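Structure here, sequence nowhere to be found:
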């Protein structure tokens, strides 16, 4: 199949990422006003700006709730599926403890998806270790691939409001996925490797010394979802170039061709030949999404450049906290605006750096999970762990056999599940993983310390009370 001509019909629109002020409501701490909010809610108040976006993700279940039928459909349609490389992973949190579905291991997927699922498992394991019973009882399904699960207009969903609750790192404007932090925010050690280096980076590349130009690049990725929004945003007949045909729509290559053949400006470049840190030599960084959400957005925001981002149809968990141009514009207009409004552009870049350092920190990620899981749990219309129970070691295995997407021994405690994946998952031969790779994988990730947050808070309250009592006693002695 021939390549469609590149011309003025390509209207790739971009937007500058601007941190949105956090003067938003905090929906997590319900109850009478005279009661103190729960410890986790007080802890997470600095990150309460995530609450509205979470509520928006959960809107499809606002009227029906999340029923047993919804959960069964999510598990049955996305787990152990022959037509998906990425296997979904069902999880149960019960009484503050994490459990993982038996028989839903990594030997049916690729090493890429296996490591990403493993990252989420260790992140949630650490969350329950820190917060225990403050994490509500629930069941959820994680899916690590880039493709959307189901579009909002899919005929399989609407007759019975059968919206499948699946948690993913990215969603499209037409999908019903629930967004969660991408695995790179744990794997790449962002605090140490990015956020702690912001001051040094700004000193090395001061704004006034940066080139008044836009630079970008990226790996070769195709864009293949046959969505109306894709056609409208790019006007490049993307639906003719899907993974099922010989010619894929290689979105970043096509954008580079567009710049070379149509734009032809020396202050706008897009290639793949420059290390990421060196992008900071430019006032503007160009971001083009790949198959779905680009994982590079937060990394570029940390550089201190204005991010000119493709106004794509894809959204990550923090996208709703960024303000975009009211009317997306051609890249040439965006570049000219930055060049002609230096102080405003410099402020945008500074706010982006502040946002990633404060709102993508490890505490912020922890709080996003806590807020999401509390809002999610309030929608459940079934008792978690009732249809799909936890394996009891003392009972015969045959009494706890799995039946499709249910069974009395459907879940294993997370430590048992990790151990069995190491010992019996065949991952050494499949992925060349060492025998304790699954259990020790948490050491490879940036995670908060495994401390009981309630104990620390109780000690702090006790210390405060003792200090206040001592001050009152001293004041009384002075009065006497």
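Noted; the coordinates are in hand. All figures in this text were calculated on a predicted structure; none of them were measured in a lab.

what sits against residue 214?
267-269, 282-286, 308, 331, 334-335, 338 (CB atoms under 8 Å, 6 or more residues apart in numbering). Every C-beta, even on glycine, is put in place using the N, C-alpha and C of the backbone.

And the pLDDT at it?
With respect to pLDDT, residue 214 has a value of 94.

going forward, begin numbering at 36 instead of 1
Yep, numbering from 36; the last one is residue 249 now.

before we move on, the earlier item: columns neighbour count on top of the contacts of residue 249, output as CSV?
As requested, the contacts of residue 249 are exported to CSV (neighbours: other CB atoms under 10 Å):
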residue, neighbour count
302, 17
303, 19
304, 18
317, 22
318, 26
319, 28
320, 27
321, 27
343, 25
366, 24
369, 23
370, 24
373, 23
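
Give me the subset of the residues you listed that lies in helices.
366, 369, 370, 373 (DSSP state H).

Name the residues of stretch 405-416 that are buried.
405, 406, 407, 408, 409, 410, 411, 412, 414, 415 (16 or more other CB atoms under 10 Å).

For residue 94, see how far away residue 104 is.
The gap separating residue 104 from residue 94 is 19 Å, by CB to CB, to the nearest Å.

brain fart, residue 150
Per CB to CB, residue 150 is found 31 Å from residue 94.

How about the contacts made by residue 453?
135, 156, 473, 474.

If we use 6 Å, what do you get?
Contact analysis of residue 453 by CB atoms under 6 Å, 6 or more residues apart in numbering lists 473, 474.

from the chain's centre, how far out does the helix or strand it falls within sit?
Following DSSP states H and E, one finds residue 453 within helix 449-459. Mean C-alpha position of helix 449-459 versus that of the full chain (CA atoms, centre = their mean, to the nearest Å) differs by 25 Å.

average pLDDT for it?
Confidence for helix 449-459, expressed as mean pLDDT, is 94.

how close does the residue nearest to the spatial centre of the chain get to residue 425?
The chain has residue 216 as the residue nearest its centroid, 2.3 Å off, counting by CA atoms, centre = their mean. Plainly put, residue 216 is 26 Å away from residue 425 if you go by CB to CB.

Residue ranges in the chain under the pLDDT threshold?
For the chain, residues meeting the criterion pLDDT under 70 lie at 36-69, 114-121, 182-196, 254-284, 359-364, 429-440, 491-515.

ok, 50 please
Within the chain, the stretches with pLDDT under 50 are 36-46, 54-67, 116-118, 263, 265-281, 438, 501, 505, 509-510, 512-515.

Using the record's assignment, carve it into domains.
48-52+223-397, 72-217+407-489 (automatic domain parsing).

picking that back up, SS state for the residue nearest to the centre of the chain?
Using DSSP: H, G, I helix; E, B strand; the rest coil, the structure places residue 216 in coil.

the more surrounded of residue 104 and residue 94?
Of the pair residue 104 and residue 94, residue 104 is the one with more neighbours under other CB atoms under 10 Å, namely 15 against 10.

Next secondary structure element downstream of the helix or strand the more buried one falls within?
Secondary structure assignment for residue 104, by DSSP H and E: helix 103-113. Going down the chain from helix 103-113, the next helix or strand is strand 124-129, by DSSP H and E.

Starting from that next one, tell me which strands it pairs with and how they run.
strand 132-136 (antiparallel), strand 173-177 (antiparallel) (DSSP bridges).

what comes into contact with it?
For strand 124-129, using CB under 6 Å, 6+ apart, the contacting residues are 110, 134-136, 139, 152, 170, 172-177, 419-420, 446.

Among these, find me the one that's closest to residue 73.
For the contacts of strand 124-129, the residue nearest residue 73 by CB to CB is residue 170; the value is 11.3 Å.

tell me the contacts of the closest one?
For residue 170, the contacting residues are 128, 131, 163, by CB under 6 Å, 6+ apart.

Which residue ranges of the stretch 86-235 of the chain form strands?
With strands called from DSSP state E, counting those that start in this stretch, the stretch 86-235 of the chain shows them at 124-129, 132-136, 173-177, 202-203, 206-207, 213-214.

can you put those in CSV and add distance to residue 99 and mean neighbour count?
Output for the strands of the stretch 86-235 of the chain, formatted as CSV (distance: least, CB to CB, whole Å; neighbours: other CB atoms under 10 Å):
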stretch, distance to residue 99, mean neighbour count
strand 124-129, 20, 23
strand 132-136, 24, 23
strand 173-177, 16, 24
strand 202-203, 18, 26
strand 206-207, 19, 23
strand 213-214, 15, 24
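
Arrange these in TSV, one row each, with distance to residue 350 as further columns.
Shown next, in TSV, are these (distance: least, CB to CB, whole Å):
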stretch	distance to residue 350
strand 124-129	22
strand 132-136	27
strand 173-177	18
strand 202-203	11
strand 206-207	6
strand 213-214	7
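
Out of those, which gets nearest to residue 486?
Across these, closest to residue 486 is strand 132-136 (CB to CB), at 16.5 Å.

one step back: can I get the ones in helices among the contacts of residue 249 in a markdown table including distance to residue 352?
Shown next, in a markdown table, are the ones in helices among the contacts of residue 249 (distance: CB to CB, whole Å):
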| residue | distance to residue 352 |
| --- | --- |
| 366 | 26 |
| 369 | 25 |
| 370 | 29 |
| 373 | 27 |
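
Does residue 418 belong to a helix, a strand or coil?
coil.

Not counting residues beside it along the chain, what's closest to it?
Of all residues not flanking residue 418 in the chain, residue 172 sits nearest, at 7.8 Å (CB to CB, 6 or more residues apart in numbering).

That neighbour: neighbouring residues, count only.
Counted with other CB under 10 Å, the neighbours of residue 172 add up to 17.

so how far is residue 108 from it?
Distance of residue 172 to residue 108, given as CB to CB: 20 Å.

I'm done for today, thanks for sticking with me.
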